[in-house]
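Asker: Task: produce atomic coordinates for the following.
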Amino acid sequence: MRIGLLLAESRGGIGQHVASLVPRYLKAGHEVVICAPPGTADHFDFGEAVVVAQAPGLRGCDVIHAHGYRAGMTALRDRSRLRPLVVTWHNAVLAPGPRGVVMRLGQRLVARGADLTLGASSDLVELARSLGARQARLAPVAAPAMPEVRTPSAAVRESLGIGDGPAVLTVGRLAPQKDYPTLLSVAADVAADRPDVVFLVVGDGPLRENLQARIDAEGLPVRLLGHRSDVADLLGASDAFLLTSHWEARALVLQEALQVGVPVVATAVGGVPELVGDSAVLAFPGDARGLADGVRKVLDDPAAAAAMRTEGLKLAAGWPDEDDVAKNLLDIYAGLVATTA
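Answerer: Sure thing, here's the model as predicted:
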């Protein structure tokens, strides 16, 4: 098959996912053409795939797979020539006001225009069906295999200057979806009776200055570490992982935490509950007290933390890996090509 992969601007998980598919498709003997903006094409390694800047460059492909709503809309503009069309929904629309209205209208058009809609979590699949998708099914995105921990926990802690106290790690872009104001409130709550706990936040983004200003003003035990390439080492040195997002599908950072046996405290949003099962402590979004109590449970109850580690590792062992995901998608393409020929 000649497979066309269509991306909008991406520097994160969507682009990483597509980059993981390309070598597996090529190894299976297929041709791959990628349409992506220059910044995205430069950011990721798409190997031997042909890269084009405009959607008409995908004409002649046997199947088109668009990743995200914007990519789906781009494909629909050339609908008669870019088909059969598969669109994966990776994210929910959270934008308020007129922008949100326009984006939700785009969702509806993409749902009805695609031959097949794939959702990264079950709530996205149900939404696509409610908006008129012809076919919709779950297609989990696998987290890359975590590299081995290279630096001992004590050395990581020493390099950060955090001593021997408990460390709670968060990884994610400093953007509104992640609800970092609630994370800071969790840190303040926990610090009231556990002043030895430090919260480490990996990632950068537009909210950094505002978050740092509040951290400084309130004297919060939160360290903004910026971009890091040693997340595996940081996970190995952490006692808990905290996610405060308003919404996530199958959050890759949660998959990474569970893969290495770090107990998780998270908001029960999107695809998080189905991902973590009974291996994590969940709270409502924005519930700083509930999340803080979850952190305390992990830190103060060694038996509960050990049970969470065991359950998390068991769950992670049963997830599809990147090879499984690529094979499943190739099977989907073949079936779709056969039925729409």
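Asker: in terms of contact, does I64 touch R2 like I think?
Answerer: No: using CB atoms under 8 Å, I64 is not in contact with R2; the gap is 10.1 Å. For the C-beta atoms, the positions are set from N, CA and C on the backbone; glycine is no exception.
Asker: more neighbours, those two?
Answerer: I64 (29 against 13; other CB atoms under 10 Å).
Asker: Which of the three states applies to that one?
Answerer: strand (DSSP: H, G, I helix; E, B strand; the rest coil).
Asker: so what's it up against?
Answerer: I64 is in contact with G4, L6, L58, A75, L82, R83, P84, L85, V86, counting by CB atoms under 8 Å, 6 or more residues apart in numbering.
Asker: which ones among those are found in helices?
Answerer: A75 (DSSP state H).
Asker: quick check, nearest of the contacts of I64 to A268?
Answerer: V86 (29.3 Å; CB to CB).
Asker: That closest one and G335 touch, don't they?
Answerer: No: the criterion here is CB under 8 Å, and V86 misses it with G335 at 10.8 Å.
Asker: These two: who's more crowded?
Answerer: Comparing V86 with G335 by other CB under 10 Å, the one with more neighbours is V86, at 27 against 12.
Asker: give me the low-pLDDT residue ranges for this protein?
Answerer: 341 (pLDDT under 70).
Asker: Give me the nearest residue to P147, chain neighbours excluded.
Answerer: Nearest residue to P147, sequence neighbours excluded (CB to CB, 6 or more residues apart in numbering): A232, at 4.9 Å.
Asker: hey, where'd the helices end up in the stretch 1-150 of the chain?
Answerer: Shown for the stretch 1-150 of the chain, the helices assigned by DSSP state H, counting those that start in this stretch span residues 13-27, 38-43, 69-76, 97-113, 122-130.
Asker: Which among those helices is found nearest to V197?
Answerer: helix 13-27 (28.3 Å).
Asker: Check which residues of that closest one are buried.
Answerer: By 16 or more other CB atoms under 10 Å, the buried positions in helix 13-27 come out as 13-26.
Asker: Take these and lay them out in CSV including distance to V197.
Answerer: CSV is the format used below for those (distance: CB to CB, whole Å):
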residue, distance to V197
G13, 28
I14, 33
G15, 34
Q16, 31
H17, 33
V18, 38
A19, 36
S20, 35
L21, 39
V22, 42
P23, 41
R24, 41
Y25, 45
L26, 47
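Asker: just checking, what's the longest helix in this protein?
Answerer: helix 322-340.
Asker: Tell me which helix or strand the nearest residue to G261 once chain neighbours are set aside sits in.
Answerer: Leaving aside its chain neighbours, G261 sits nearest to R309 (4.3 Å; criterion: CB to CB, 6+ apart). In this structure, R309 sits in helix 302-317 according to DSSP states H and E.
Asker: For that helix, which residues meet the burial criterion?
Answerer: For helix 302-317, a neighbour-count test (16+ other CB under 10 Å) marks A305, M308, R309, E311, G312, L315, A316 as buried.
Asker: ok, of those, which one's closest to A36?
Answerer: The nearest one, if we look at the buried residues of helix 302-317 relative to A36 and count by CB to CB, is A316, at 30.0 Å.
Asker: what about D164, distance to G219?
Answerer: Distance, D164 to G219, by CB to CB, to the nearest Å: 21 Å.
Asker: likewise L200?
Answerer: For L200, the distance to G219 - CB to CB - is 17 Å.
Asker: ok, these two, which is more surrounded?
Answerer: Ranked by neighbour count (other CB under 10 Å), L200 and G219 place L200 first, with 22 against 9.
Asker: In three-state terms, how would the more buried one be classified?
Answerer: Under three-state DSSP, L200 comes out as strand.
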